[in-house]
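K.L.:
Quick one, what's the 3D model for this:
(one chain, ligands or ions: 1)
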Amino acid sequence: MKQARRYSLAHDSRCSKLSESISDLRNLPRRAAYTELTSQVRLVLEGVDDQIAGMATVSALLHGALGFLWTGFYRVVKTDELLRIGPYQGSLGCLEIQFGKGVCGKAAAERQTIIVEDVSQFPDHITCDARSQSEIVVPVFGRSGELIAVLDIDSAELSAFSEEDQAGLEEMVQWFRTAA
Ligand code: SME
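P.N.:
As a prediction, the model looks like this:
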């Protein structure tokens, strides 16, 4: 086995600097939190035109700042047929979702945000984490206006998402239309 290269504790790691800079915004009104997060997304991703880097950054910032149960992306791998897991934060997500199935598949098929106040009342909900009680799924469009993914956020609380979250998140994923 080749010996690993070892860095001392004094090594100036860009990653640890970034993780320390994710601010906890749970005490801010949601509208203000999303305004702040959207500008952080644009700042961190300045000069980047990579969708996966964008999804990873959005997941990390949102999850770290607002303390959700699960925050991540399902990517379109076959148009109007299949979504596959993308970058996410939280417990293990299911790997693939058919268009039209579950909250994610429905939001993808309809190209429209879906807010579920109580997942137990959503007939076709797919359970990845039994602690999830409410959910929001937002479609993500690319440069040509094509659907590239959905952003899925789960909360351990009932009715955690409102139209304010919808507006804030839809604004945040505009990054993929303009930059990625
Ligand atoms: N609940 C989603 C599945 C994805 S997990 O929540 C991460 C759905 O019904 O589509």
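
K.L.:
What segments of this protein are helices?
P.N.:
14-20, 30-44, 51-66, 102-110, 163-172, 175-178 (DSSP state H).

K.L.:
possible to save the ones you listed as a markdown table with mean pLDDT?
P.N.:
Output for the helices of the chain, formatted as a markdown table (pLDDT from 0 to 100):
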| stretch | mean pLDDT |
| --- | --- |
| helix 14-20 | 52 |
| helix 30-44 | 95 |
| helix 51-66 | 97 |
| helix 102-110 | 98 |
| helix 163-172 | 98 |
| helix 175-178 | 95 |
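
K.L.:
most tightly surrounded among those helices?
P.N.:
Ranked by mean neighbour count, these are led by helix 102-110 with a mean of 22 (mean count of other Cβ atoms under 10 Å). C-beta coordinates here come from the backbone N, C-alpha and C atoms, glycine included.

K.L.:
What is that one packed up against?
P.N.:
Here helix 102-110 touches strand 70-78, strand 82-89, strand 96-98, strand 114-116, strand 134-141, strand 147-155, going by 3 or more Cβ pairs under 8 Å, 6 or more residues apart in numbering; DSSP states H and E.

K.L.:
quick revisit: as a markdown table, the helices of the chain with distance to the ligand would be great.
P.N.:
A markdown table is the format used below for the helices of the chain (distance: least, Cβ to the nearest ligand atom, whole Å):
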| stretch | distance to the ligand |
| --- | --- |
| helix 14-20 | 22 |
| helix 30-44 | 20 |
| helix 51-66 | 11 |
| helix 102-110 | 3 |
| helix 163-172 | 15 |
| helix 175-178 | 19 |
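
K.L.:
Nearest approach to Gly86 belongs to which of these?
P.N.:
Evaluated with Cβ to Cβ, the helices of the chain place helix 51-66 nearest to Gly86, the distance being 5.0 Å.

K.L.:
Please export the C-alpha coordinates of the closest one as CSV.
P.N.:
This file holds the C-alpha atoms of helix 51-66, laid out as CSV (Å, rounded to 0.1, in the frame of the first residue of the first chain):
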residue,chain,number,x,y,z
GLN,A,51,-24.3,21.9,-12.5
ILE,A,52,-23.1,19.3,-10.0
ALA,A,53,-20.9,21.9,-8.2
GLY,A,54,-23.9,24.2,-8.1
MET,A,55,-26.1,21.4,-6.7
ALA,A,56,-23.5,20.5,-4.0
THR,A,57,-23.1,24.1,-3.0
VAL,A,58,-26.8,24.9,-2.8
SER,A,59,-27.5,21.7,-0.8
ALA,A,60,-24.7,22.5,1.7
LEU,A,61,-25.6,26.1,2.2
LEU,A,62,-29.4,25.5,2.6
HIS,A,63,-28.9,22.5,4.8
GLY,A,64,-26.3,24.1,7.1
ALA,A,65,-28.2,27.4,7.3
LEU,A,66,-31.8,26.2,7.9
